[in-house]
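In: A predicted structure for the sequence below; I have some questions about it.
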Amino acid sequence: MTKTILAVDDSASMRQMVLFTLHSAGYEVVQACDGVEALGIAKQSAVDLVLTDVHMPRMDGITLVRELRNLLGYKLVPMLILTTESSQERKLEGKQAGATGWIVKPFNPPQLLATVARVI
Amino acid sequence: MLMDAEMAEIAKVFFQESREGLDVMESGLLSLGTNGGAESINTIFRAAHSIKGGAATFGFSEVAQFTHGVETLLDEMRNGVRPVTSQSIQTLLQACDCLREMITATESGQPLDQGRIASLNADLGHILGEASQAAPVAAPAQAPAAAGWRIRFDPVPDLLRVRNEPTRMFAELKRLGRLTAVADVSRIPLLEEIDPETCYLSWNIEMEGRIPREKLVEIFDWVDPNCGLEFIAMDCPGSGQTRPGESKADAPPAAESAHKAGTDSGSIRVATGKVDNIINLVGELLITQSMLCGFADGIDPSELDRLRQGLAQLARNTRELQECVMQIRMLPISFAFNRFPRIVHDLSRKLGKKVELKFTGEGTELDKTVLEKITDPLVHLVRNALDHGLETPERRAAAGKPETGTIELAAFHEGGNIIIEVRDDGAGLNKARILQKARERGLIDPTQELNDEQVDNLIFMPGFSTAEQVSDVSGRGVGMDVVRRNIHDLGGYVQITSREGEGSTIRIRLPLTLAILDGQLVRVGQETYIISLVAIVETIQIKPERLNTLVGRTEVFRLRDEVLPIVKLCDQFGIEPDSSRAQDGLLVVVEADGRRAGVLVDELLAQQQVVIKSLESNFKTVSGIAGATILGDGKVSLIIDVPELIRSAVGRGAGAVTARAA
């Protein structure tokens, strides 16, 4: 069955990059440009993986993960955080919010696919 | 994997987005200068952060590196470590300029201006101070690979709740070498007490093979630091060490402020080409509709009513669709206005003038093409207002005005037009000097009498400049005439009014769109022409006693107290009219640039919206014709270029247009 991935990033170029990469590996992709939009989408339809940026307007990625974990049906969905920050504190913060893991930017398409394959 | 072409497409989005990000940074930085708010620093930081992330991902490492310095400074400002000073804002603004150039250079494959980058990097480094620059992290010493590993993995009960699957970790471990895993089931409770989401197991894993420790650590990188995790090298038993960092269990999470959208325009990005296609299609639809309407006039009367009803509905739907589609192309004028705070900020510093910039009606929408083309003329007008209009603080104080001058940009809709005004409260135009200059340069007849408004508008004449010193800001004597020509090319109209000592107002009137025109159809002989309704003042029947012929065989018509030159379309375009006598036709009085003329036609036909088809791209440029359209009956009809027509009429009439009847 085709897996659906919710990709959240406020940068259109990043979203497209993620979209093309994931499409090329046969995933379905739903996009959102910030946490608020992503949360709205997540409430309406089920996804198999959430891939989110950290710094976004309206709602950042860490808050998004925290909010999603409180949603029915998202307890066990893997959530990956895309981040340029490789500091331990930031990663810890993500983990405590309920993130499954992270992908450090810049990433290249094979890295992204390998990491996604680790969780779904 | 991604194709190069796809990458290039996405990179294009990145370039465009980076430019928008830089605009956001710039306006944010300028507003920081006046009121430093944490929210605007956050917005600026986020924009810089996105540019850095994108640049690194797309492999523009120089852009990424440069942005990193900018981001570091912004991060320190945001965290309150670094004060926000006017010097650092200035440096950041320059860095924005430099980044914009770097992005343009990268996009077009040009070499980067290394000197400038280095000097700005030095400036940024100076502000940051050597001490705060991150020292390169020493690479961890490579431990010798052991012959095998014993791993004790004792996860927290929550492991599964964040979807960290132990089975996946085992699968990955297996790829590194032979693996034996023994699960410790001692903590599993009675069946009725089991919570299916809790992890009760722990494992003892043995790995064979010379595997670097880092590889193993990486696989467990994502698990909660509270999980028990031990790696014991098997060829030296007992020297098992816990993973560094595991013990520091609960560092408090940094306060995460909820970011708000400050500058989000909530817009979608649509390729202009696609929109143009839709507009063309709607144009075709309009043509079909008017064709059907014409057809309806000749059919069985009994069915006419139903057909008419249907057609009325079609007309309404078409109109609504057209309005919706046109909306896609409409952008708020703030896109053009946003550039001005920076321009005014830089220029006022340079000129030593104090100025407050005000906007009204930034949300007023106009066509994207018009918007793009009006931006440069507006920049010129604002620069002029600042350079020539506003006085220095000393002079203003001497004249009893507040030291800080005001420049106001206002936009609003009026009829089918948008009006943009550039107002300043400066010295106003020096009418005597303008008149003197214009006479010196032979721009007007020395004996010609002009009213105040006409004098003011002389500044739009080609070759006119009264600046005593040619500065690098404005005053090269090209400019105002170029501004006027650009505005004319858009089918618009510009006018200045000024009061000495009180300031000037420049008023620009522009059509909302260049794609569709409200037209009056007129007939001359067998031909149908279209005159823009906006240009028509009135239409009158000609009374023979009001006709006169001036020297040079120009016919003029006296309308109330004004003498209008008459333009005969039949002569202009070489066609056979119904009658060669002027009094048998109708006179359409048109106006452009404050000048009027009468256009002689045989008959007025319908008024309708017409879709403008470019004559240049389909045929060639024809003087006096602004474009063409296709009428309901399939015939091509030409659209009259009113300003050009008046210019040619006035040229022949030699000043008749400004003369007043006795």
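Out: Received it, and whenever you're ready, just let me know what you need. Just so it is clear, the model here is predicted, and its values are computed rather than measured. Numbering: from 1, shown residues only, chains lettered A, B, ... in the order given.

In: now name the helix or strand holding the residue nearest in space to the middle of chain B.
Out: When CA atoms, centre = their mean is applied to chain B, the residue found nearest the centroid is B:Phe335 (4.1 Å). Here B:Phe335 is covered by helix B:334-337, with elements defined by DSSP states H and E.

In: buried set for the very next helix or strand once past that helix?
Out: Of the helices and strands lying after helix B:334-337 in sequence (DSSP H and E), the nearest is helix B:340-351. Along helix B:340-351, these residues count as buried under the neighbour rule (16 or more other CB atoms under 10 Å in any protein chain shown): B:Phe340, B:Pro341, B:Arg342, B:Val344, B:His345, B:Leu347, B:Ser348, B:Leu351. Placement of C-beta: from N, CA and C, glycine included.

In: which strands or helices does helix B:340-351 pack on?
Out: Judged by 3 or more CB pairs under 8 Å, 6 or more residues apart in numbering or on different chains; DSSP states H and E, the packing partners of helix B:340-351 are helix B:4-34, strand B:355-360, helix B:368-384.

In: now do the first one, average pLDDT.
Out: Translated: helix B:4-34. Averaging the model's pLDDT scores along helix B:4-34 yields 83.

In: which regions of chain A sit below the pLDDT cut-off?
Out: Residues of chain A that meet the criterion pLDDT under 70 lie in A:85-87.

In: 80 - rerun?
Out: A:1, A:83-92, A:105-108 (pLDDT under 80).

In: bridged to the most centrally placed residue in it, which residues?
Out: In chain A, the C-alpha closest to the average C-alpha coordinate belongs to A:Leu51, at a distance of 1.2 Å (CA atoms, centre = their mean). According to DSSP bridges, A:Ala7, A:Leu80 are recorded as the beta-bridge partners of A:Leu51.

In: against B:Asp23, how distant is it?
Out: For A:Leu51, the distance to B:Asp23 under the criterion CB to CB, to the nearest Å works out to 28 Å.

In: what does B:Thr104 give?
Out: Using CB to CB, we find B:Thr104 at a distance of 14 Å from B:Asp23.

In: quick check: domain ranges of chain B?
Out: Following automatic domain parsing, chain B resolves into domains at B:4-130, B:148-242, B:273-331, B:333-511, B:516-653.

In: nearest to A:Ile81, out of those domains?
Out: Ranking the domains of chain B by distance to A:Ile81, with CB to CB as the measure, places domain B:148-242 first at 10.3 Å.

In: quick one: is that closest one near chain A?
Out: Yes: remark: domain B:148-242 sits within contact range of chain A at B:160-165, B:168, B:172, B:197, B:221-222, B:224-225, by CB under 8 Å from any CB of the partner chain.

In: show me the residues you listed that map onto helices.
Out: B:Arg168, B:Glu172 (DSSP state H).

In: out of the residues of domain B:148-242 next to chain A, the closest to B:Pro511 would be?
Out: The nearest member of those to B:Pro511, counting by CB to CB, is B:Arg163 at 57.4 Å.

In: list the contacts of the closest one.
Out: For B:Arg163, the contacting residues are A:Leu76, A:Val77, A:Pro78, A:Met79, A:Thr100, A:Val119, by CB atoms under 8 Å, 6 or more residues apart in numbering or on different chains.

In: same question, B:Phe66
Out: Taking CB under 8 Å, 6+ apart as the definition, contacts of B:Phe66 comprise B:Ala95, B:Cys98, B:Leu99, B:Met102, B:Ile117, B:Leu120, B:Asn121.

In: compare those and tell me which is most surrounded.
Out: The most crowded member of the contacts of B:Phe66 is B:Ala95, carrying 26 neighbours; neighbours defined as other CB atoms under 10 Å in any protein chain shown.

In: surely the residue nearest to the centre of chain B is in contact with B:Leu371?
Out: Yes: B:Phe335 is within contact range of B:Leu371, at 6.0 Å (criterion: CB atoms under 8 Å).

In: ok now the lengthiest helix in chain A, how far from the chain's centre?
Out: Ranked by residue count, the top helix of chain A under DSSP H comes out as helix A:12-24. Mean C-alpha position of helix A:12-24 versus that of the full chain (CA atoms, centre = their mean, to the nearest Å) differs by 12 Å.

In: is chain B within reach of that helix?
Out: Yes: with CB under 8 Å from any CB as the measure, helix A:12-24 is seen reaching chain B through A:Ala12, A:Ser13, A:Met14, A:Gln16, A:Met17, A:Phe20, A:Thr21, A:Ser24.

In: any quick PyMOL command for the buried ones out of the residues you listed?
Out: The command below creates a PyMOL selection of those among those that count as buried (16+ other CB under 10 Å):
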select buried, chain A and resi 12+13+14+16+17+20+21
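
In: need the residues of helix A:12-24 next to chain B in a markdown table (columns: distance to B:Leu569).
Out: As requested, the residues of helix A:12-24 next to chain B are arranged in a markdown table below (distance: CB to CB, whole Å):
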| residue | distance to B:Leu569 |
| --- | --- |
| A:Ala12 | 51 |
| A:Ser13 | 53 |
| A:Met14 | 58 |
| A:Gln16 | 53 |
| A:Met17 | 58 |
| A:Phe20 | 57 |
| A:Thr21 | 62 |
| A:Ser24 | 62 |
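
In: pick out the most distant pair among the residues of helix A:12-24 next to chain B.
Out: When the residues of helix A:12-24 next to chain B are compared pair by pair using CB to CB, the farthest-apart members prove to be A:Ala12 and A:Ser24, with a separation of 18.4 Å.

In: picking that back up, how about the domains of chain B in JSON lines, adding distance to A:Gln111?
Out: Formatted as JSON lines, those follow (distance: least, CB to CB, whole Å):
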{"stretch": "domain B:4-130", "distance to A:Gln111": "11"}
{"stretch": "domain B:148-242", "distance to A:Gln111": "13"}
{"stretch": "domain B:273-331", "distance to A:Gln111": "34"}
{"stretch": "domain B:333-511", "distance to A:Gln111": "37"}
{"stretch": "domain B:516-653", "distance to A:Gln111": "47"}
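
In: ok so, going back, may I see the helices and strands packed on helix B:340-351 organised as TSV, with distance to chain A added?
Out: Conversion of the helices and strands packed on helix B:340-351 to TSV gives the following (distance: least, CB to the nearest CB, whole Å):
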stretch	distance to chain A
helix B:4-34	4
strand B:355-360	23
helix B:368-384	18
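
In: can you redo the residues of domain B:148-242 next to chain A as a markdown table with pLDDT?
Out: What follows is those, written out as a markdown table (pLDDT from 0 to 100):
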| residue | pLDDT |
| --- | --- |
| B:Leu160 | 77 |
| B:Arg161 | 73 |
| B:Val162 | 72 |
| B:Arg163 | 72 |
| B:Asn164 | 76 |
| B:Glu165 | 77 |
| B:Arg168 | 77 |
| B:Glu172 | 79 |
| B:Glu197 | 79 |
| B:Asp221 | 77 |
| B:Trp222 | 77 |
| B:Asp224 | 72 |
| B:Pro225 | 72 |
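
In: weed out the non-buried ones from the residues of domain B:148-242 next to chain A.
Out: With burial judged by 16+ other CB under 10 Å, the buried subset of the residues of domain B:148-242 next to chain A is B:Leu160, B:Arg161, B:Val162, B:Arg163, B:Asn164, B:Glu165, B:Arg168, B:Glu172, B:Trp222, B:Asp224, B:Pro225.
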